[in-house]
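[1] fold the following and give me the result.
(chains A, B, C and D)
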There are 4 protein chains.
Amino acid sequence: MELGIIGLGKMGGNMAERLRRGGHTVVGYDRNPDVSDVATVEELVQRLAAPRAVWVMVPAGGPTQETVNRLGELLEPGDVVIDGGNSHYVDDQKHGEQLAAKDIGFVDCGVSGGVWGLQNGYALMVGGDEDNVKRLMPIFETLKPEGEFGFVHAGKIGAGHFAKMVHNGVEYAMMQAFGEGYELLEASDVVTDVPAVFHSWQEGTVIRSWLLDLMNRALAEDATLDEIRGYANDSGEGRWTVQAAVDHAVPLPAITASLFARFASRQDDSPAMKVVAALRNQFGGHAVESAKGADSPGADVKPPQL
Amino acid sequence: MELGIIGLGKMGGNMAERLRRGGHTVVGYDRNPDVSDVATVEELVQRLAAPRAVWVMVPAGGPTQETVNRLGELLEPGDVVIDGGNSHYVDDQKHGEQLAAKDIGFVDCGVSGGVWGLQNGYALMVGGDEDNVKRLMPIFETLKPEGEFGFVHAGKIGAGHFAKMVHNGVEYAMMQAFGEGYELLEASDVVTDVPAVFHSWQEGTVIRSWLLDLMNRALAEDATLDEIRGYANDSGEGRWTVQAAVDHAVPLPAITASLFARFASRQDDSPAMKVVAALRNQFGGHAVESAKGADSPGADVKPPQL
Amino acid sequence: MELGIIGLGKMGGNMAERLRRGGHTVVGYDRNPDVSDVATVEELVQRLAAPRAVWVMVPAGGPTQETVNRLGELLEPGDVVIDGGNSHYVDDQKHGEQLAAKDIGFVDCGVSGGVWGLQNGYALMVGGDEDNVKRLMPIFETLKPEGEFGFVHAGKIGAGHFAKMVHNGVEYAMMQAFGEGYELLEASDVVTDVPAVFHSWQEGTVIRSWLLDLMNRALAEDATLDEIRGYANDSGEGRWTVQAAVDHAVPLPAITASLFARFASRQDDSPAMKVVAALRNQFGGHAVESAKGADSPGADVKPPQL
Amino acid sequence: MELGIIGLGKMGGNMAERLRRGGHTVVGYDRNPDVSDVATVEELVQRLAAPRAVWVMVPAGGPTQETVNRLGELLEPGDVVIDGGNSHYVDDQKHGEQLAAKDIGFVDCGVSGGVWGLQNGYALMVGGDEDNVKRLMPIFETLKPEGEFGFVHAGKIGAGHFAKMVHNGVEYAMMQAFGEGYELLEASDVVTDVPAVFHSWQEGTVIRSWLLDLMNRALAEDATLDEIRGYANDSGEGRWTVQAAVDHAVPLPAITASLFARFASRQDDSPAMKVVAALRNQFGGHAVESAKGADSPGADVKPPQL
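    Numbering: from 1, shown residues only, chains lettered A, B, ... in the order given. Presented below is the predicted three-dimensional model:
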């Protein structure tokens, strides 16, 4: 079928290519004229026959909002917009309402697959009305991996990005689990070959997984991880997962611990631990002596006591 | 080669069978005479030619200690004992020293594989001296899965059970990760088909894993998990993992959160939360009034203040 | 000085009373005509001489927003609005900008003190411009407790509610700390008089505190806490604390654990633990047998392995 | 009454002094002859009239065990040993049994009070038989602070050190709570005077406490804590608290988070976070390229997929 794509970066460009290989007609727009099929979003809309489908693949937040605004002006009733970026599910709901007011459909789609998606397909998590999703199935069928997995119509508008967000939260905790296991093995006096332990786990264990395979790739390249600093960024999706949990009153201790471990990994020094150190100092004998010296020995000053 | 096995339960019996199928000569002893090849441990030792190898597959703690004691009395210098049970790595070190005093070798072996091990092989994590491990390689080769994975000589005595313990700790956190993700998806207003989301994740995602496959088996049997109570036991190994982390000053937040979640799942009511509720009650207006009534209004009583 | 107060509930009414006792002229408005000095907010504004100060003491969210909107219409340049409710600091910033556009000042004030504030004073945490805060100092001086503590100009608009929010987060973790300590003491075989332990801690220890005093009040009323269910609600401020931490990339493990413990205390059954139980079930022998029965023994079915 | 004290360091020496001031007859032994009243433990025992009471105030572990062993040899039936050090409650139970076999009594006593105990008294938490505790009450009465608080007979042998251990666990979480609150306030854009916020909290708030007073002392000395590194040691008692919780299946999330935060504060780099960084690296495009270069493009190599 015919599809407009706005945003032809690494992800959008590869998805356009996979769709063309699958026999679809793709009209792409990008701010970079070298990769763009059309000069403007307006032209893109004109090039498509109604009812149109336009896939938005631009950064979450401001750029996505601006694109939705622009499409709201240009599209016609019966057209549909798909947000395939990393938007927050709450924004999806706003965008859905905004477009519904003009009888334009909206579908959100969480996409997993990275640079290998062009070849192997993308895992797709989709939210929106049954009608809109059905109509877009030819596109989803081409983008997804072969076989029975890798695509889900998860629910209403926002459900696709919600599912993708939770996927990433689970991912955080699984990575943390391997990290903690590694650290404990490294700390052991009796275990002398940690990479060999991880290598062996790839068969016959409960924890065999794609992340374990990646872990073994990493250890094959650098057996002691000496070349890598223990500094971990976090994508917004881990934060959103914890905030959604708080909003829904869902306890999420392992995932949250994983997010906090990343925050801590980026600190040169921990303000919280400064406080703990300062308090330990205060009720130790040494600090008390200096405090005595500094204070005038007024009756109101409660002496520190252990 | 020739091997004695003490303990012919579900695990020990199947391992004996797999070894026999692999061409080894196995002499098994069990307290249950129906499955035992010999009447006593003494007879088992007599039936084996020196230097002997005896695999102990009995419950950790008392039974293993008694068996090691008995073998210490019966075996000769140059023989070797393998503890294939779920012993604590600290006990391995004691057992190793106890037997070394009599020039008897000791190897610990963490075993993973459950009821499918007979057919597919067991993942083996081994600790002990290079010489003893080498000598037992024919046994390990038969027990392990085919291919390059599923066996590791992890280090010194205790390293096998240490590695298995950490494996189980990682397993706890991975299971918790899926549990937390499931709970958050279930709490969502927008996601309407949670089992379909998990189903889709089996291809093209970062979190694809054997546990995810099991999760999907479970959801296929009971899509809402209504038949299952949120009550989770814990094997000793999760506890040992956390205690080892504390001993080694290793922060293990996600794994520990997973263990604590299991503890909490088994409580009818939480004493800690009784305290929190009681404290909230105390500084609310209602409780203050009743406290006022109970106290004589002496000058020493500090009034509660929010 | 002269002050308008909107909202004369338990808190607002007592604050008005304390201010009158302190010599201030208070004009109060409430939707309940029985306690209101004026019939409308419009009348309240008319009764005050410019430049006016109006204290808003209504529920956070919608009611506060509506009141700010209305005051924006009625007040004049040079007037100032104080939000003494439990607003989110982010809303303060919006309200501040909204009123600044009309040259109306805005100050946010986090208030602690409950029913005892009338008598003992309220702890006040204030955010806003130096000029506005200075001008309102006569009000703050009367509301705060006597002595050097209990008042802070914490920073810009939002800082008062931010500080109050953090106070409540710290409070959550302190309550959780006592709860955990209580639960561990109760679980001990050797400690036979837990209330006596808490009682003794009120002098000479590091943890002596007002919350410990409250804990001892609670234990004096119900030594085993049998009458109290371990069910703890949470005010919005604990959630906001965790969400602010996530927004600021600050690890907050103890406070977050305390919030999650409250969430869990309100669940009849834990969906996450259902998953953990289901997964344990899947790789145990029993479940495998039922799974075998259900599946056709096709080659694609990976057998579960421990 | 008459008391022998073994160990006249900072704590033991001051306790001896407080007892003497209170009218008791104290015979002290220390390895340092300058402070010792007797040349040997044997002489100490000889100087006391039966039935004797000997207070042991030496480091936990080996030194305490050796002292208990020696006293077991020297004392007579009817004598009693008090362990006032920081022993693990499990060791108390062993020591109690060891001495009971010789009809020598044993009492454990957790002591809090530091350098201020000489003047203000020590908080005492005691475990042991009713008879032995009663007999020692004159000693405890002199050592404890004046008033109704600061002493508890908590239960059986071990209960004193168990209660002290839990006290320290609670202390960890309270310190962590203040640390987390401080860090979040520091991270805020709107709060500009964090020390003033803590200062104000000393009156009228829920979290007022002795630790908050200490926090304000620390901030008075160094308003930004710039002079203090966020590096926090841990006494053994925090570790024991978590391990006791694991032994008793008690979830202790806030206290454990506090312990782990201290562990992490002492790491130059986090091995767990190296793993997380390495895994993130593996499924990013860059790392995949280098992995492609390194691998021979064999069919077995599963390509990384996001």
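[2] for residue A:113, give its distance to residue B:88.
    43 Å (CB to CB, to the nearest Å). No exception for glycine: its C-beta is placed from N, CA and C like everyone else's.
[3] pick out whichever of these two has more residues nearby.
    residue A:113 (25 against 21; other CB atoms under 10 Å in any protein chain shown).
[4] tell me the pLDDT at the nearest residue to that one once chain neighbours are set aside?
    Spatial nearest neighbour of residue A:113, excluding adjacent residues (CB to CB, 6 or more residues apart in numbering or on different chains): residue A:122 at 3.6 Å. On the pLDDT scale, residue A:122 is placed at 95.
[5] can you list the weak-confidence ranges in the stretch 101-250 of chain A?
    For the stretch 101-250 of chain A, no stretch has pLDDT under 70.
[6] what segments of it are helices?
    Ranges of helices within the stretch 101-250 of chain A are A:117-120, A:130-143, A:159-187, A:194-200, A:210-221, A:236-247, based on DSSP state H, counting those that start in this stretch.
[7] can you redo these as a markdown table with mean neighbour count and distance to residue A:10?
    Output for these, formatted as a markdown table (neighbours: other CB atoms under 10 Å in any protein chain shown; distance: least, CB to CB, whole Å):
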| stretch | mean neighbour count | distance to residue A:10 |
| --- | --- | --- |
| helix A:117-120 | 18 | 10 |
| helix A:130-143 | 17 | 15 |
| helix A:159-187 | 28 | 17 |
| helix A:194-200 | 23 | 30 |
| helix A:210-221 | 21 | 20 |
| helix A:236-247 | 22 | 18 |
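[8] including distance to residue D:159, could these go into TSV?
    Below are the helices of the stretch 101-250 of chain A laid out as TSV (distance: least, CB to CB, whole Å):
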stretch	distance to residue D:159
helix A:117-120	62
helix A:130-143	64
helix A:159-187	32
helix A:194-200	41
helix A:210-221	46
helix A:236-247	39
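[9] need these in TSV with distance to chain B, can you?
    As requested, the helices of the stretch 101-250 of chain A are arranged in TSV below (distance: least, CB to the nearest CB, whole Å):
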stretch	distance to chain B
helix A:117-120	7
helix A:130-143	10
helix A:159-187	4
helix A:194-200	4
helix A:210-221	5
helix A:236-247	6
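[10] wait, which of these is closest to residue C:92?
    For residue C:92, the closest of the helices of the stretch 101-250 of chain A is helix A:236-247, at 19.5 Å, according to CB to CB.
[11] now the following helix or strand past that closest one, how far from the centre of its chain.
    Next in sequence after helix A:236-247, counting helices and strands by DSSP states H and E, comes helix A:253-265. On the basis of CA atoms, centre = their mean, to the nearest Å, helix A:253-265 sits 15 Å off its chain's mean C-alpha point.
[12] right, is helix A:253-265 up against chain C?
    Yes: shown here: helix A:253-265 in contact with chain C (CB under 8 Å from any CB of the partner chain) through A:253, A:256, A:257, A:259, A:260, A:261, A:263, A:264.
[13] what of stretch A:186-202?
    No: figure legend: stretch A:186-202 not in contact with chain C (CB under 8 Å from any CB); closest approach 12.2 Å.
[14] same check, this time on stretch A:141-155
    No: where contact is defined by CB under 8 Å from any CB, no part of stretch A:141-155 touches chain C; the two come within 10.4 Å at best.
[15] and the end-to-end length of that stretch?
    Separation of the first and last residues of stretch A:141-155 by CA to CA, to the nearest Å is 18 Å.
[16] now for the helices of the stretch 101-250 of chain A, which one comes closest to residue C:240?
    Here helix A:236-247 is closest among the helices of the stretch 101-250 of chain A (CB to CB), at 8.7 Å.
[17] so that closest one versus helix B:159-187, what angle?
    Helix A:236-247 runs at 70 degrees relative to helix B:159-187, counting by axes from the mean of the first three to the mean of the last three CA atoms, to 10 degrees.
[18] how about helix A:236-247, does it reach chain C?
    Yes: for helix A:236-247 and chain C, the contact criterion (CB under 8 Å from any CB) is met by A:239, A:242, A:243, A:246, A:247.
[19] residues touching that helix, excluding its own?
    Helix A:236-247 has contacts (CB atoms under 8 Å, 6 or more residues apart in numbering or on different chains) with A:60, A:86, A:88-89, A:162, A:164-166, A:168-169, A:172, A:250-252, A:255-256, A:258-259, A:262, B:180, B:184, B:188, C:239, C:242-243, C:246-247, C:259.
[20] give me the buried positions along stretch A:54-69.
    A:54, A:55, A:56, A:57, A:58, A:60, A:64, A:65, A:67, A:68 (16 or more other CB atoms under 10 Å in any protein chain shown).
[21] follow-up on the earlier one: I'd like to know which of the residues of helix A:236-247 next to chain C is nearest to residue C:221.
    residue A:246 (32.5 Å).
[22] which non-adjacent residue is nearest the closest one?
    Closest residue to residue A:246 apart from its sequence neighbours, by CB to CB, 6+ apart: residue C:239 at 4.8 Å.
[23] same question, residue A:139
    residue A:3 (5.9 Å).
[24] how far off helix A:130-143 does the strand or helix carrying that neighbour point, in degrees?
    Using DSSP H and E, the element containing residue A:3 is strand A:2-6. When the same axes, to 10 degrees is applied, the directions of strand A:2-6 and helix A:130-143 differ by 80 degrees.
[25] report the mean confidence score over the next helix or strand after strand A:2-6.
    Sequence order places helix A:10-21 as the next helix or strand after strand A:2-6, per DSSP H and E. Rounded to a whole number, the mean pLDDT of helix A:10-21 is 96.
[26] any buried residues in helix A:10-21, and which?
    Buried-residue list, helix A:10-21, by 16+ other CB under 10 Å: A:11, A:12, A:13, A:14, A:15, A:16, A:18, A:19.
[27] over to stretch A:37-49?
    Neighbour counts over stretch A:37-49 (16+ other CB under 10 Å) mark A:37, A:38, A:41, A:44, A:45, A:48 as buried.
[28] between which two of those residues is the distance greatest?
    A:37 and A:45 (12.5 Å).
[29] please report how far residue A:208 lies from chain B.
    According to CB to the nearest CB, to the nearest Å, residue A:208 and chain B sit 5 Å apart.
[30] before we move on, the earlier item: I'd like to know which of the helices of the stretch 101-250 of chain A lies nearest to residue B:82.
    That would be helix A:194-200 among the helices of the stretch 101-250 of chain A, by CB to CB, at 17.1 Å.
[31] what's the closest one packed up against?
    The contact analysis (3 or more CB pairs under 8 Å, 6 or more residues apart in numbering or on different chains; DSSP states H and E) places helix A:194-200 against helix A:159-187, helix A:210-221, strand B:123-127, strand B:151-155.
[32] hmm, the last one in reach of chain A?
    Yes: Strand B:151-155 lies in contact with chain A when judged by CB under 8 Å from any CB; the contacting residues are B:151, B:152, B:153, B:154, B:155.
[33] kindly reformat these as TSV containing neighbour count.
    Shown next, in TSV, are these (neighbours: other CB atoms under 10 Å in any protein chain shown):
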residue	neighbour count
B:151	25
B:152	27
B:153	23
B:154	32
B:155	24
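[34] ok, so of those residues, who is nearest residue A:109?
    Closest to residue A:109, out of all of the residues of strand B:151-155 next to chain A and judged by CB to CB, is residue B:152, at 41.8 Å.
[35] contacting residues around the closest residue to the closest one other than its chain neighbours?
    Nearest residue to residue B:152 in three dimensions, chain neighbours excluded: residue A:200, at 3.5 Å (CB to CB, 6+ apart). Listed by CB under 8 Å, 6+ apart, the contact set of residue A:200 reads B:123, B:124, B:125, B:149, B:150, B:151, B:152.
[36] can you check residue A:20 too?
    residue A:26.
[37] thank you, goodbye.
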